[in-house]
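In: Let me see the structure of the following:
(chains A and B)
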Amino acid sequence: MSKILKFILLSSILLCGWSLKAQTPAKVSTKSQKQEPEKKDTLNVPLWQGFMLEYDVEPLIEAAFLQNSNYTFHTYQGNLQVNLKNKYFPVVEFGMSGAERTTTVDGNHFKADGMFGKIGMDFSLLKPKPGTKIIKNFFLAGVRVGMSHFNYTIDNLTVTDNYWGGTEPLAFTQPTTKFWFEIVAGVRVSVFKNIYLGWNIRNKHLLNAGDYGSVQPWNIPGYGIGNTSAWGFSYIIGYHF
Amino acid sequence: MKTKHITFLFTTLVVFGLASCNNMDETCRKTKTVLMGAKFYQDTLNVKTNQYVTLSYTPKTLTAKGVGVDSILYNKKENIGEIKLPLNKLKKQSSFSIGFNEKYDTITVVYQNANDYLSLECGCVPTHTIDTVLTTNHVIDKIKISQPNINTTYVENIKIYLVK
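Out: This is a model prediction of the structure:
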């Protein structure tokens, strides 16, 4: 995981640097350009800058690499993100997810299916300098609050007494509601007209992990695997309206 | 523009690859051993004060096994002052035959069971709460419950007092 973090950090810095370079003014300029009241053009950005519909393709690629006979999952998630002044990006995320896994050692079985939603805000970390041409590439950071209500089953568990002898099967099926918050950072790059590509890295923290010893879901729709905190990635294809 | 796109796509592909290295650990690294701890004590006369004081007791040999089970837990073990006994995970009562220097008593532990869920890899670990402990009195004088909760953390759960 530390290698992944190092990579994400480096790639973010590279992309950030590249984006900054893209927004610096051209060295060659005419006298007439120098005399223009450039500051007003770039700083007085109207509030409404449209909205973006985005779809996360990461689960599809992850499924292609990780799914096997003991582990299957599906996640479909997207978001609606409003662009205010190219600085503030309120976002609503929504999706559905399910996972099924059987452990290879003991054959313990887990299955869950459910919907999830997140609400939050991103902030653009790039501040265009006066006189620059506005390029709609964004380096974003923000927060989300997520919730999922879903049913899950854990079965095929056994309690075996090696001294006295005997085995007893155990199974649990129950609904639950989980809440979490996420710290998000990512980039968006305009690749063709209004089409964007980008990625997010997410650090997720479960707010109601449950008491020690209580039965807890192995996978939470929208949150993923982990009973206290988890890392997540999103790979975005979006369209700006 | 081409360079920009190539940089972005390359970065994305590499991140895809790294994210896909997320392998699942199938190993349970949590302890699932749950044993009832019992220590031996004996009231001994202090000749100076002429009063009885309770001291730890270590029998010369100790034998212990579950009643109805062939497997012996402690077979004429020498110089041990405490034992760890596995309660039956599927029943609410377990009896043990304990021999101190070849003299035997039977203790019966009555308890409640609960299953603590650890994780999908580890499953559940049964824990117990002692209600009562009964004993025959050939060598054992009395038994006191010091900690009724038996779980993966080993503690002294019962004190076994031997006759003076």
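In: Buried by neighbour count: which residues of whichever strand or helix holds B:Ser97 qualify?
Out: Using DSSP states H and E, B:Ser97 falls within strand B:93-100. Of the residues in strand B:93-100, those buried by neighbour count under the rule 16 or more other CB atoms under 10 Å in any protein chain shown are B:Ser94, B:Phe96, B:Ser97, B:Ile98, B:Gly99, B:Phe100. Heads up, the C-betas are built off the backbone N, CA and C, glycines and all.
In: if I look at the residue lying closest to A:Gly224 once chain neighbours are set aside, how far off is chain B?
Out: Nearest in space to A:Gly224, with sequence neighbours left out and distances taken as CB to CB, 6 or more residues apart in numbering or on different chains, is A:Ala230 at 4.9 Å. Counting by CB to the nearest CB, to the nearest Å, the separation of A:Ala230 from chain B is 10 Å.
In: show me what contacts A:Ala230?
Out: Neighbour list for A:Ala230: A:Asn203, A:Lys204, A:Leu206, A:Tyr223, A:Gly224 [criterion: CB atoms under 8 Å, 6 or more residues apart in numbering or on different chains].
In: and A:Leu207, how many neighbours?
Out: Residues lying near A:Leu207 (other CB atoms under 10 Å in any protein chain shown) number 11.
In: Run through the residues that contact B:Ala64.
Out: When contacts are counted by CB under 8 Å, 6+ apart, B:Ala64 is found next to B:Ile72, B:Leu73, B:Tyr74, B:Ile83, B:Leu85, B:Phe96, B:Ser97, B:Ile98, B:Gly99.
In: still on that earlier bit, would you format the contacts of A:Ala230 as JSON lines with secondary structure, distance to A:Lys136 and pLDDT included?
Out: Formatted as JSON lines, the entries for the contacts of A:Ala230 read as follows, by DSSP: H, G, I helix; E, B strand; the rest coil; distance: CB to CB, whole Å; pLDDT from 0 to 100:
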{"residue": "A:Asn203", "secondary structure": "strand", "distance to A:Lys136": "26", "pLDDT": "95"}
{"residue": "A:Lys204", "secondary structure": "strand", "distance to A:Lys136": "28", "pLDDT": "95"}
{"residue": "A:Leu206", "secondary structure": "strand", "distance to A:Lys136": "34", "pLDDT": "94"}
{"residue": "A:Tyr223", "secondary structure": "coil", "distance to A:Lys136": "31", "pLDDT": "93"}
{"residue": "A:Gly224", "secondary structure": "strand", "distance to A:Lys136": "30", "pLDDT": "91"}
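In: Nearest to chain B among these?
Out: Closest to chain B out of the contacts of A:Ala230 is A:Gly224 (9.6 Å), distances taken as CB to the nearest CB.
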